[in-house]
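Novice: build me a structure from this.
(2 chains)
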Amino acid sequence: MSLFPKVGRQQPQLRLAWWMIVAFLVVGVVLHLFPFYYMIALSLTPARETLSATPVLWPSEPTGAAWRLVYEIVTRSSLDGRVRDLMRVPFMVYFGNSLFMTLMTLAISLPVTSLAAYANAKLQSGRSARWFFLFFIGTLMVPGVVTLIPSFLMTRNFPFPLPNPPLIPGTDMPFPTLRFWDTPWAVIIPGVFNAFNFLLFKGFFDTIPNSIIQAARVDGGSEFNIFRRIVLPMSVPVYAVAAWLQFGAVWDSYLWPLIVLQTPEKIPTAVAIANLMNRFMQAGATNAEAAGAMTESMREILEAGLSWNGLMVLGLLQSLPIFIMFIICREYLMRGIRIRGLK
Amino acid sequence: MTQITLHHITKSYDGQNAALHDINLTIADGETVSVVGPSGCGKSTLLKIVAGLEFPEQGQIFYNGHDVTEIKPQARGVGMVFQDYALYPTRRGEGNLAYFFEVHQRSAAEEQARIKATADLMGVDFAWLLGRTPDTLSGGQQQRVAIARCIVRDPNLFLMDEPIVNLDAKLRERTRMEIKKLLRQFAITTLYVTHDQQEAIFMGDRIAVMRRGRIEQIGTFDELYYTPANLFVATFIGAPPISVLPATLENGQLTLANTTWPLPAELGDRLPVGAVRVGVRPEGWRLDAPTGAALTVRHIERIPTQQAAFIHGTLAGSAVTALAPLDYPTVHTLAVAPLWENALFFAAEGEAILHTPGTPDLF
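Specialist: Predicted coordinates for the structure are as follows:
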């Protein structure tokens, strides 16, 4: 609304421009919502129809079969052994893994990142503040693929990014290392410092006038007390945004958990669903036996009644927590703006 | 009750340019010292160093003879009022006042009693402000809460950093009175920073004039006005400002703007022969003098409350302001002559002062 002046709204050119902006925004909204619509529509489509060449915009006969089937898969309550074996572990275990890793990352990362940003914005000054800021932000500049292998090696031989720990000089004993590979901590620890959230927090803390902090110092508050009692209540909206961003990132992360988690009981839902999807989608083989086995596997899954419709149900289940988190964070964001912490 | 001593304080933010340069200052117990100076002269830095929010590179600060140079602001027990009020935005007025008691683990009863006492002191409608969040308050109301937050703790020292500069003119006048009343009531040692000399004169028992990190002069208003330490103080203090005119002194005769006057003998003997500069304040001109120099009038500013008019004009190329009676007729030129007993003499170059009239014995 504030994009457009109230004065002169009646002018034809302005009206035209107004409607063009509205049309542009509508296109944007549709582009964002269409995948969700398609997931829902497909999840209600019978298995056979999902395999037809023409895209299904709305099923000819909506059915809840896929939802029932997925319910049976995730609870492993089906009487049919083939369906039961589609997931080796109850879905709730994957869900629990995801939840644990995500919430643990948030619980550690938000305090660490925000305190670092606060220290950089308000307690450091001059040259040192600038260099620290550049150092932290520099981690954003390194592409993830560059650090992927060293990070993986580090989870195996922390703190050495090497396949095998080096020997202690003068002995044939290797340095003691910490291995958190194939534990949830391999996912949690790399997410503890989040450079993007650091930028977000720092940008906000920079807008808090120094005089407020100084007034609190004169009032006798220790630095941590000032942070907790004065700065934190002002920063609720930023925490909401940061928490939501990181929740989505960790919950949806696929590549990293795939690399560092091997045991099926430890993988998160994103990996579990992708594994299931892979068994369905695999195409191409180098020899006849492999192709035959693959066809057999696909036939089994299809016979169990699982097709794209079931995968869409799983996809919806996977996105549901992010929606819930969004609604929670949005509430705090709005409340924060109402109390005018964020201007 | 606190006496503050600053001993050779030097402070630099970037290591090269000194924000404060060898500051020595003593504030007596219960005294109010105004610090005045152009922007960027280090007056806010001085205040922050006294509060402990900045640390000096050299020098010491004493509260009642105790060296507090290394003491953190949390432990100094000062009350500070900021230019932008600096209220805690998420706390109501009462919460702003209460923070001090929360961090000092005082009892709720004491907290309530002190807030109540402060509210009574701040006036009848102050209790209403306690229930409001800062963003719903006007600038003046916010500043009242900020002042209350400063006095609720019984500070041993008030520090005010341009507290009323952000208020509009009418409110500024009223708040000025209120602060003055509070200062008189408490008789607490106060350092009051401002860039407005009228405010500094009004608030301060003594006034410190600062420039580029140095205190140029400190004294009562009369001392600064009648016996300035240098040209800067002479031109900074006084509104409208002093007129400084180049002149030549020969044989006891002073030539200024193509007019020559004989100087009083005791003055002529004391001044060096040659080029000098004469400083004349607006009230230091004799109007319609028979041997006067011609002042070209630009504008006559009449101020009824003071029963006076200021004649702004030019005298031999220099801007000059002269004080006249309110009913002085509108003219284009008039003859003026300096009143020698009120005139100041400066060296032709630099800022050195050669002669001041001295503080008059008014009472």
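Novice: all contacts plus neighbour counts: C-alpha atoms, from now on.
Specialist: Noted.
Novice: show the low-confidence segments of the chain, by residue range.
Specialist: Assuming you mean chain A. Along chain A, the model assigns pLDDT under 70 to residues A:1-5, A:78-86, A:280-286, A:297, A:300-301, A:303-305, A:336-343.
Novice: my question was about chain B
Specialist: Judged by pLDDT under 70, chain B has its weakly predicted residues at B:1, B:362-363.
Novice: near chain A, which residues of it are found?
Specialist: Contacts of chain B with chain A, taken as Cα under 8 Å from any Cα of the partner chain, map to B:51, B:53, B:73-82, B:84, B:86-90, B:99-100, B:103-104, B:135.
Novice: and the stretch 101-250 of chain A, which residues reach chain B?
Specialist: By the rule Cα under 8 Å from any Cα, the part of the stretch 101-250 of chain A lying against chain B is A:209, A:211-212, A:214-215, A:217-222, A:225, A:230, A:233-234.
Novice: can you do 6 Å?
Specialist: Near chain B, the residues belonging to the stretch 101-250 of chain A are A:211, A:212, A:217, A:218, A:219, A:220, A:221 when assessed by Cα under 6 Å from any Cα of the partner chain.
Novice: quick check, nearest of those to residue A:308?
Specialist: Nearest to residue A:308 among those: residue A:212, at 56.6 Å, using Cα to Cα.
Novice: list the buried ones in the helix of greatest length in chain B?
Specialist: Taking DSSP state H as the criterion, chain B has its longest helix at helix B:169-186. Within helix B:169-186, the residues scored as buried using 16 or more other Cα atoms under 10 Å in any protein chain shown are B:172, B:175, B:176, B:179, B:182, B:183.
Novice: return the distance of the last one relative to chain A.
Specialist: If I follow you right, that is residue B:183. Distance from residue B:183 to chain A, counting by Cα to the nearest Cα, to the nearest Å: 19 Å.
Novice: about what we covered before: between the buried residues of helix B:169-186, which sits nearest residue B:301?
Specialist: Taking Cα to Cα as the measure, residue B:172 is the one of these closest to residue B:301, at 23.3 Å.
Novice: name the nearest residue to that closest one, sequence neighbours excluded.
Specialist: The shortest distance from residue B:172 to any non-neighbouring residue, by Cα to Cα, 6 or more residues apart in numbering or on different chains, is to residue B:164 (5.8 Å).
Novice: what count of nearby residues applies to the one you found?
Specialist: By the measure other Cα atoms under 10 Å in any protein chain shown, the count of residues near residue B:164 is 26.
Novice: domain-wise, how is chain B divided?
Specialist: As assigned by automatic domain parsing, chain B contains the domains B:4-231, B:240-355.
Novice: highest mean neighbour count out of the ones you listed?
Specialist: Sort those by mean neighbour count, taking mean count of other Cα atoms under 10 Å in any protein chain shown, and domain B:4-231 sits at the top with a mean of 19.
Novice: which residues touch stretch A:327-337?
Specialist: A:236, A:237, A:240 (Cα atoms under 6 Å, 6 or more residues apart in numbering or on different chains).
Novice: run the last query once more with 7 Å
Specialist: Stretch A:327-337 is contacted by residues A:236, A:237, A:240, A:241, A:244, A:342 when judged by Cα atoms under 7 Å, 6 or more residues apart in numbering or on different chains.
Novice: can you check stretch A:178-187 too?
Specialist: With Cα under 7 Å, 6+ apart as the test, stretch A:178-187 has contacts from A:101, A:155, A:156, A:157, A:158, A:257, A:260, A:261, A:262, A:263.
Novice: now do 10 Å
Specialist: In this structure, residues lying in contact with stretch A:178-187 by Cα atoms under 10 Å, 6 or more residues apart in numbering or on different chains are A:97-98, A:100-102, A:104-105, A:151-160, A:189, A:191, A:250, A:253, A:256-263, A:266-268.
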